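J.: Quick one, structure for this:
(chains A and B)
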Number of protein chains: 2
Amino acid sequence: MIKIALDAMGGDSAPEAPVKGACLAAEKFSDIEIVLVGDEEKLNLLLKKQKNCSSRVSIMHASQSIGMNEAPVQAVKEKKNASINVALDLARAKMVDAVVTAGNTGAFMASALFRLGRIKGVERPAIATIFPSNRGPITLLDMGANIDNSPNQLKQFGEMGSLYSEHILHVNNPKVGLLNIGEEKEKGNALTKAAWDLLKKSKINFSGNVESKEIMNGKVDVVVCDGFVGNLILKFAESLSRKIVDLLREEIKKSFLTKMGAMLLFPAFKALKKIVDYDEFGGAPLLGLNGICIKAHGRSNEKALMNAIRVAKESVQADLVSCIRKFEK
Amino acid sequence: MIKIALDAMGGDSAPEAPVKGACLAAEKFSDIEIVLVGDEEKLNLLLKKQKNCSSRVSIMHASQSIGMNEAPVQAVKEKKNASINVALDLARAKMVDAVVTAGNTGAFMASALFRLGRIKGVERPAIATIFPSNRGPITLLDMGANIDNSPNQLKQFGEMGSLYSEHILHVNNPKVGLLNIGEEKEKGNALTKAAWDLLKKSKINFSGNVESKEIMNGKVDVVVCDGFVGNLILKFAESLSRKIVDLLREEIKKSFLTKMGAMLLFPAFKALKKIVDYDEFGGAPLLGLNGICIKAHGRSNEKALMNAIRVAKESVQADLVSCIRKFEK
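T.: Okay, here's the model as predicted:
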């Protein structure tokens, strides 16, 4: 049985969405147990409202929680009983195999670093996001765990991303690209130029630079960038996708004919949803930690949280931490 | 009469699109003359094919051209008779008031720097892109003229962007934001932290940091970032938009019903096109040069080039260079 701690107080729709997501996941996957970590009283009430939620969903009390906009390091230090801290305490004590949260990313990383520590040799853990593409899943990292990265850290992101892609996403000999403003070796800023050389010398299947317009094409399986750039691109992609969907929705509402048209186009919109909708993506793994930590999107609904739990379960089954440890060699 | 040189050999659809775009623009705007710069023989043949093209479109011979993938500085130096060089020679000799190209951006900037020079005090010119939003046009810079920028250069981008927004786009007291991974002052990398302080001290209406998810919302009128980040975001936005449109198009083709649906949804798709379609945006001004230089998208068709010519005309009318010179004070 795989044990997963779910931070029930993290994310925009907490604690309702985590409770519902836990019940959904327990129903779907018979080999997992989920511990909801958070305010026991609230969670108990919510859990009772769920019809037939599996007995494999339980509650672990945590008296505090960390808000999305709190300063991460300070909040993690001061709120010892915050749900994310308690969830990671469970992971440190080997009571659970993985931790999932839709809460404050910085707090998750800070608490995980403190409680689980880094894999030996890893300078900085990274957050990887997985995009679907026609040619298979694409792993992008770092998506914002770091701010100013060194060339060697980018090289390590390439190595960790490659291991994740190969062992967890089952991509054969994954191609790794360095995000840059041109394909040629001499393109880019001081950081990417230095990282290029290090990535070239590493043992991974390095394909050189990749432009941002190629990210979605599946030209490479793993895209490496520093956390500042990754965060900007990820958030921009989200807002642009949402703007396009909102615009279509508004226009569709305008008349009977457009509403009819939208009904006929249902299959097309369903396909579109798969691209722009983060519910489907599951969670983003934090790579380089001595434990399995999956970050769900802050806006996660129960379905998105169920998918994040699925990613956690698969990461446990594939022994993610041992996979990333191969990197030491 | 406003005189505009159009590089007829630049861009993916040259020389056909520039010839058609020039004729379109001359028909639409009675106060402009356009000089097509490029291979005289080819251009003459193409021009003859256009029905009733205005006599305000003429040809200036240039025996060479620079490809999209040529190394800019070297190509500009070695090909003295390249169309972009000849077009900028005309601008330097005050024979034309503005230059428009859909060709190699680096070559355009290198040749313009050499032939027109920078406005006094400007460390580095920048490329600005204008996005439409519900709250009015948004100016983003730098979109890739620079790679490693200093904090002071970012400050200058803010000043130039503010002047452009105010004097050319008629935004009243434009709000300027610094692109960053969080809103708080202390967020960001070493570059943005230093730039924040300089922007705060400047005379412009600085609103602090702005996250990438806010770019399209019109929260600020001018968004400042270094050219590396700007280029990555711009190209990613393009590819994502195109992917969404391609996907919808493919799905729509699949059945009679979805085709019907798409017909009924025509107004919605037209609105979508306005967001994702670069034809509508016109051109991107190169700010900080002693002359008016407008870069059209490499994939520009005749309509996009006509819009770039419109931007050039409006920039001449508003005396763009004098506006940006105000920055010295």
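J.: now stretch A:254-272, how far from the centre of its chain.
T.: Relative to its parent chain, stretch A:254-272 has a centroid offset of 31 Å by CA atoms, centre = their mean, to the nearest Å.
J.: Check which residues of that stretch are buried.
T.: Residues of stretch A:254-272 classed as buried by neighbour count (16 or more other CB atoms under 10 Å in any protein chain shown): A:258, A:261, A:262, A:264, A:265, A:268, A:269, A:272. C-beta: built from backbone N, CA, C; applies to glycine.
J.: Check stretch A:17-34 too.
T.: Neighbour-count burial for stretch A:17-34, counted by 16+ other CB under 10 Å, picks out A:17-26, A:29, A:32-34.
J.: could you dump that stretch to PDB, C-alpha only?
T.: The C-alpha trace of stretch A:17-34 is given here as PDB (Å, rounded to 0.1, in the frame of the first residue of the first chain):
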ATOM      1  CA  ALA A  17     -10.900  20.400  -3.100                       C
ATOM      2  CA  PRO A  18      -8.200  18.400  -1.200                       C
ATOM      3  CA  VAL A  19     -10.900  16.400   0.600                       C
ATOM      4  CA  LYS A  20     -12.800  15.700  -2.600                       C
ATOM      5  CA  GLY A  21      -9.600  15.000  -4.500                       C
ATOM      6  CA  ALA A  22      -8.500  12.500  -1.800                       C
ATOM      7  CA  CYS A  23     -11.800  10.600  -2.000                       C
ATOM      8  CA  LEU A  24     -11.700  10.600  -5.800                       C
ATOM      9  CA  ALA A  25      -8.100   9.300  -5.800                       C
ATOM     10  CA  ALA A  26      -8.800   6.600  -3.200                       C
ATOM     11  CA  GLU A  27     -11.800   5.400  -5.300                       C
ATOM     12  CA  LYS A  28      -9.700   5.300  -8.500                       C
ATOM     13  CA  PHE A  29      -6.600   3.700  -7.100                       C
ATOM     14  CA  SER A  30      -7.100   0.800  -4.800                       C
ATOM     15  CA  ASP A  31      -3.400   0.600  -3.800                       C
ATOM     16  CA  ILE A  32      -3.100   3.900  -2.000                       C
ATOM     17  CA  GLU A  33      -3.800   5.400   1.400                       C
ATOM     18  CA  ILE A  34      -4.200   9.200   1.700                       C
END
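J.: neighbours around residue A:207, how many?
T.: Residues contacting residue A:207 under the criterion other CB atoms under 10 Å in any protein chain shown number 17.
J.: Return the residues in contact with the residue nearest to it when sequence neighbours are not counted.
T.: In space, residue A:207 comes closest to residue A:175 once its chain neighbours are excluded; the distance is 4.6 Å by CB to CB, 6 or more residues apart in numbering or on different chains. Shown in contact with residue A:175 (CB atoms under 8 Å, 6 or more residues apart in numbering or on different chains): A:205, A:207, A:219, A:220, A:221, A:222.
J.: quick one, strands of the stretch 1-150 of chain A?
T.: If you assign secondary structure with DSSP state E, counting those that start in this stretch, the strands in the stretch 1-150 of chain A sit at A:2-7, A:32-38, A:57-61, A:98-101, A:126-131, A:138-141.
J.: Tell me which of those strands sits most buried.
T.: Per-stretch averages of neighbours, counted by mean count of other CB atoms under 10 Å in any protein chain shown, single out strand A:98-101 among the strands of the stretch 1-150 of chain A, with a mean of 32.
J.: what pairs with the residue nearest to residue A:207 across the strands?
T.: Beta-bridge partners of residue A:175, counted by DSSP bridges, are residue A:205.
J.: same thing with the one 4 residues further on?
T.: Residue A:179 has the following beta-bridge partners by DSSP bridges: residue A:210.
J.: Quick check: it touching residue A:207?
T.: No - in this structure, residue A:179 sits apart from residue A:207 without contact. The criterion is CB atoms under 8 Å, and the distance is 11.8 Å.
J.: Strands of the stretch 201-329 of chain A, residue ranges please.
T.: Under the criterion DSSP E, counting those that start in this stretch, the stretch 201-329 of chain A carries strands at the ranges A:205-210, A:222-224, A:284-287, A:292-295.
J.: Could you provide the ones you listed in JSON lines, with additional columns for mean pLDDT and distance to residue A:310?
T.: Below are the strands of the stretch 201-329 of chain A laid out as JSON lines (pLDDT from 0 to 100; distance: least, CB to CB, whole Å):
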{"stretch": "strand A:205-210", "mean pLDDT": "97", "distance to residue A:310": "27"}
{"stretch": "strand A:222-224", "mean pLDDT": "97", "distance to residue A:310": "21"}
{"stretch": "strand A:284-287", "mean pLDDT": "95", "distance to residue A:310": "12"}
{"stretch": "strand A:292-295", "mean pLDDT": "97", "distance to residue A:310": "9"}
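J.: deepest of the ones you listed, which one?
T.: Among the strands of the stretch 201-329 of chain A, strand A:222-224 has the highest mean neighbour count (mean count of other CB under 10 Å), at a mean of 31.
J.: Is chain B within reach of that one?
T.: No - with CB under 8 Å from any CB of the partner chain as the criterion, chain B is not reached by strand A:222-224; the gap is at least 10.6 Å.
J.: contacting residues around the closest residue to residue A:63 other than its chain neighbours?
T.: Ranked by CB to CB, 6+ apart and with sequence neighbours excluded, the top spatial neighbour of residue A:63 is residue A:81, at 4.6 Å. Residue A:81 makes contacts with A:62, A:63, A:64, as judged by CB under 8 Å, 6+ apart.
J.: Just the pLDDT at residue A:81, thanks.
T.: The confidence metric pLDDT takes the value 97 at residue A:81.
J.: Now it: phi and psi?
T.: phi -100, psi 20 (degrees, to the nearest 10).
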